[in-house]
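> I would like to see how this sequence folds:
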Amino acid sequence: MVVIPDMLSKKASVTDNSIVENIKGRKIQYVKLTPLTSKDNRKEILIGIDVQTKQGHTALMLAARDRQAASLESLVKHRADLNKTDEHGMTALMWAVQQRESRMVRSLTSAKAGLNYEN
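Down below sits the predicted model:
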């Protein structure tokens with residue numbers, strides 16, 4: 001589970017079975033977000049897989065930052081953009097390296113995440 005703050009103004013989670021492909025014949029990847037608290041009256045919402053928060057974070061970056069390897073691998077598998085950068089120029093790979101998460105670094109580099117970005 002990846003907690004995605006400030007994307008919906010409430011916290012939400014994304015899991016592997018949340019990835020929905022080709023909704024209504026469209027070739028866009030979506031992530032289904034489900035609120036973490038029962039107090040939120042929204043049931044779920046679909047957003048583009050590479051939507052960014054106000055700080056420029058994607059679900060992939062947040063998975064790396066929050067050390068959620070299973071979520072990261074699911075997002076990679078479903079072709080999330082590996083090379084998007086946040087407002088500080090950080091990519092998901094940079095977050096994985098910063099967190100010293102070798103499994104995530106291997107997943108991202110195996111999927112051909114860019115290695116030539118400067119922060």
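> Can you say which helix or strand has the closest residue to Glu101 other than its chain neighbours in it?
On the basis of C-beta to C-beta, 6 or more residues apart in numbering, the spatially nearest residue to Glu101 that is not a chain neighbour turns out to be Arg67, at 5.7 Å. Heads up, the C-betas are built off the backbone N, CA and C, glycines and all. Applying DSSP states H and E as the criterion places Arg67 outside every helix and strand.
> Could you tell me the per-residue confidence at Arg67?
Arg67 carries a pLDDT score of 90 in this model.
> correct me, but it touches Arg100?
No. Arg67 is beyond contact range of Arg100, at 9.3 Å (criterion: C-beta atoms under 8 Å).
> So these two - more neighbours on which side?
Arg67 (15 against 9; other C-beta atoms under 10 Å).
> and the more buried one, how far is that from Thr58?
The gap separating Arg67 from Thr58 is 16 Å, by C-beta to C-beta, to the nearest Å.
> go on, Asp50?
According to C-beta to C-beta, Asp50 stands 5 Å off from Thr58.
> what touches both of the two?
Jointly contacting Asp50 and Thr58 under the rule C-beta atoms under 8 Å, 6 or more residues apart in numbering are Ala80, Asp81, Lys84.
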